[in-house]
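K.L.:
based on what follows, work out the 3D shape:
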Amino acid sequence: MTPEEKKAYDAKRYQSNREAILTHSAKYYQEHRESKKARTAQYRQDHPDQRKAINAQYYQKNREKINAQHAKYRLEHPGESRVRVRAWSLANPLKRRENRAKREALEKGTATGLVDFAAIIERDKGICGLCGKRIRKGEKLHFDHIVPLSHGGPHVGHNIQVTHSRCNLQKGSRGKLPSQIRLPLGME
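P.N.:
From the prediction side, this is the model:
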């Protein structure tokens, strides 16, 4: 029997015995629920990349439905959603800043790309891109767009540098001329 013939046979068999098969499957699941859950959990742990790909594919196919479900849940459970988002924000401050910066860039209509603020800190070795002095541990830092978004600069890693907060706030959105730009370390 060829694979196509087997598939056709199975489909015909399922259609003629649908109710019995569904009843048997439900009964089997109820009897073996815990072992099924354990196997599923173990599979997900052993194959994270495959699960990630499957989830991404499912999300792409069902994006509107998923977003509608999330919006409905947030409306029905505003307190829980707020607490969960706040906890995530506190646990992931750099990711939160990345997301906010990307959203601002999209609102301004500039080009965006993957930006990893932790990698930018490492690349710049903790040196302010504006004054050239070291940023001390615990000192408030900013991520500055070398060519500001307001001047059409892209929101991409090579256009972002680490700065002291005071240096960046003094600069504002004036930006620099290309001749004034001090390239981040490793980009020279």
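K.L.:
could I get the CA-only coordinates of the helix or strand encompassing Arg44 as CSV?
P.N.:
Counting by DSSP states H and E, the element that carries Arg44 is helix 33-46. The C-alpha trace of helix 33-46 is given here as CSV (Å, rounded to 0.1, in the frame of the first residue of the first chain):
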residue,chain,number,x,y,z
ARG,A,33,-4.0,11.9,31.6
GLU,A,34,-1.1,12.2,34.0
SER,A,35,1.3,10.1,32.0
LYS,A,36,0.3,12.0,28.8
LYS,A,37,1.0,15.3,30.6
ALA,A,38,4.4,14.0,31.8
ARG,A,39,5.4,12.8,28.3
THR,A,40,4.3,16.2,26.8
ALA,A,41,6.2,18.2,29.4
GLN,A,42,9.3,16.0,28.9
TYR,A,43,9.1,16.4,25.1
ARG,A,44,8.8,20.2,25.4
GLN,A,45,11.9,20.2,27.7
ASP,A,46,13.9,18.0,25.3
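K.L.:
and the next helix or strand past that helix?
P.N.:
Taking DSSP H and E, what comes next after helix 33-46 is helix 48-61.
K.L.:
buried set for the helix or strand bottoming out on mean pLDDT in the chain?
P.N.:
Least confident helix or strand, the chain: helix 165-171 with a mean of 85, by mean pLDDT, DSSP states H and E. Neighbour-count burial for helix 165-171, with 16 or more other C-beta atoms under 10 Å as criterion, is recorded at Cys167, Asn168, Lys171. Heads up, the C-betas are built off the backbone N, CA and C, glycines and all.
K.L.:
show residues contacting the helix holding Arg44.
P.N.:
Tyr29, Arg51 (C-beta atoms under 8 Å, 6 or more residues apart in numbering).
K.L.:
report the angle between the axes of that helix and helix 48-61?
P.N.:
Counting by axes from the mean of the first three to the mean of the last three C-alpha atoms, to 10 degrees, helix 33-46 lies at 100 degrees to helix 48-61.
K.L.:
mean confidence score for helix 33-46?
P.N.:
The predicted model assigns helix 33-46 a mean pLDDT of 93.
K.L.:
same deal with stretch 131-148?
P.N.:
For stretch 131-148, the per-residue pLDDT averages 88.
K.L.:
picking up where we left off before, so what does the least confident helix or strand of the chain touch, helix or strand wise?
P.N.:
strand 141-145 (3 or more C-beta pairs under 8 Å, 6 or more residues apart in numbering; DSSP states H and E).
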